[in-house]
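just coords:
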């Protein structure tokens, strides 16, 4: 089971989601999207909350309002963190999550600690948490199939870009050949080297003499 929420409408169309338990968290870790950003209460047990950004965005593009929504949702879904004030919430891109065979189910580390950021949540804001809970939708998605569908779409897009690139290169090649042929043709048609019928008629030379000149 995965729970889906909608961030504040004035920030744009952003989806926030989290797993029911550590087993769903494990699936979310495994089959995340490049646009996903992971949130967790620092040094405490909490839900693994994800924000799905728009394609092409990075976690530098998260607005202050959406960041607050995610942080409040994480705090509210931490048994210990929900009871205390001044809680730190860490967040990082999904691609920075590190999973090793020795880790427990749902446990993660980081590839690069410099890509992990921290936001301080002074206290729970019920207005934000209640607004998010009103948008809550429960689903049982096939996370693997969703990820494979995205991979297939990305492969198709790359192939299309490659075909377009080859087509542009072929057009450029043909145009260069045409330009080269035009330059070669113009070189043969230099005015100073051309003889018109009028020039031949006024030269008073015999046909044999003209043929000798040509040879």
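Happy to help now that I have it. Just so we're clear, the structure is a prediction, and the values are computed from it rather than from any experiment.

would residue 51 count as being in a helix?
No: with DSSP: H, G, I helix; E, B strand; the rest coil as the criterion, residue 51 is strand rather than part of a helix.

Identify the spatial nearest neighbour of it, chain neighbours not counted.
residue 37 (4.6 Å; Cβ to Cβ, 6 or more residues apart in numbering). The C-beta positions use only the backbone N, C-alpha and C, and glycine is treated the same way.

element containing that neighbour, please.
strand 36-41 (DSSP states H and E).

From the contact counts, what lies against that strand?
Contacting strand 36-41 under the criterion 3 or more Cβ pairs under 8 Å, 6 or more residues apart in numbering; DSSP states H and E are the following elements: strand 49-52, helix 64-76, strand 87-93.

could these go into CSV alongside distance to residue 149, mean neighbour count and mean pLDDT?
Below are those laid out as CSV (distance: least, Cβ to Cβ, whole Å; neighbours: other Cβ atoms under 10 Å; pLDDT from 0 to 100):
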stretch, distance to residue 149, mean neighbour count, mean pLDDT
strand 49-52, 15, 25, 96
helix 64-76, 25, 22, 96
strand 87-93, 21, 21, 97
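
Now do the SS call for the residue most central in space within the chain.
Nearest to the geometric centre of the chain sits residue 56, at 3.9 Å (Cα atoms, centre = their mean). Here residue 56 is recorded as coil under three-state DSSP.

what about the helices in the protein?
Remark: helices assigned in the chain by DSSP state H are 22-30, 64-76, 126-134, 143-188, 197-201, 207-214.

now the first one and strand 36-41, what's the angle there?
Put simply, helix 22-30 runs at 140 degrees to strand 36-41, going by axes from the mean of the first three to the mean of the last three Cα atoms, to 10 degrees.

which parts of helix 22-30 are buried?
Neighbour counts over helix 22-30 (16 or more other Cβ atoms under 10 Å) mark 24, 25, 26, 27, 28, 29 as buried.

now stretch 33-48
The neighbour-count check on stretch 33-48 (16+ other Cβ under 10 Å) flags 33, 35-42, 44, 46-48 as buried.

residue contacts, residue 92?
Residues in contact with residue 92 (Cβ atoms under 8 Å, 6 or more residues apart in numbering) are 37, 38, 59, 110, 115, 116, 117.

how about a cut-off of 10 Å?
Residue 92 sits next to 37-40, 59, 108, 110-117 when contact means Cβ atoms under 10 Å, 6 or more residues apart in numbering.

so what's it closest to, chain neighbours aside?
Nearest one to residue 92, counting by Cβ to Cβ, 6+ apart, is residue 116 at 4.5 Å.

Per-residue pLDDT of the one you found, please?
At residue 116, the pLDDT value in this model is 97.

Map the structural domains onto the sequence of this structure.
2-141, 142-190 (automatic domain parsing).

Comparing these, which comes out most buried?
The highest mean neighbour count among the domains of the chain, using mean count of other Cβ atoms under 10 Å, belongs to domain 2-141: a mean of 16.
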